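Chemist: Return a 3D structure for these sequence lines:
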Amino acid sequence: MKNRINPGIARGFSLMELIVVVAIIVILAGLTLGGFSLVNQKTARDKAKVQLKLIETALENYNSENRSYPPSPDPMGERGDEVLYKYLYYDGFEARDSGGVVYMPDFDPENNAKSGQAWMQGTGAQARVVDPWGQFWRYRSGDSPGAQNPDFDLWSIGPDGKTNEDPKHKDCADDIRNF
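Modeler: Next up is the predicted model:
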């Protein structure tokens, strides 16, 4: 017995079925992209916390050898990344032949891309230390006006790029800091 195809019945998908399938695909794609965004945000926060701990360790090593923390002329810490780079890497690198100490070798602009941390922006004496969001790290010594810690304050202003003198201010909600 042969199967006969009834010429009066249309074969294929209706427009409504196609619209439903496309809508489901769009919804699933949106959920996937939203999940990736959350994962990327968490990864950046975790990376910033690791960077903070590494810089803290380098500052403690600097203090143990020099009996002080690097001085910070800026009470808001806006140029603190330059202080960190100068004292923890650049000065030691420049004086390496005469026994200079590099406290933070990850700040080497030449190896910046190889380390996977993307710490640096620029090269040479003009290099700047950046967090995972491309913002400059903030640093102020404990004797600076507004310092929260007796030793030093170190912080990233987070993904929103905003901070405030008062750590309880809403602009500080996403900051990664040691105080």
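Chemist: what mean pLDDT would you report for the longest helix along the chain?
Modeler: Longest helix in the chain, counting residues (DSSP state H): helix 15-66. The pLDDT scores in helix 15-66 average 90.
Chemist: Who are the packing partners of it?
Modeler: strand 152-156, strand 176-177 (3 or more Cβ pairs under 8 Å, 6 or more residues apart in numbering; DSSP states H and E). In short, each C-beta sits where N, CA and C put it, glycine included.
Chemist: Quick check: residue 80 touching residue 141?
Modeler: No. Counting by Cβ atoms under 8 Å, residue 80 stays clear of residue 141, with 9.2 Å between them.
Chemist: Overlap of the contact sets of these two?
Modeler: residue 72 (Cβ atoms under 8 Å, 6 or more residues apart in numbering).
Chemist: Spatially central residue for this structure, please.
Modeler: Taking Cα atoms, centre = their mean, the centroid of the chain lies closest to residue 132, which sits 1.7 Å from it.
Chemist: Give me the number of neighbouring residues for the closest residue to that residue other than its chain neighbours.
Modeler: In space, residue 132 comes closest to residue 44 once its chain neighbours are excluded; the distance is 4.1 Å by Cβ to Cβ, 6 or more residues apart in numbering. Using other Cβ atoms under 10 Å, residue 44 has 17 other residues around it.
Chemist: distance of residue 44 from residue 103?
Modeler: Separation of residue 44 from residue 103 (Cβ to Cβ, to the nearest Å): 25 Å.
Chemist: repeat for residue 35
Modeler: Residue 35 sits 39 Å away from residue 103, going by Cβ to Cβ.
Chemist: Between those two, which is the more surrounded one?
Modeler: Taking other Cβ under 10 Å, residue 35 and residue 103 do not tie; residue 103 has more neighbours (23 against 10).
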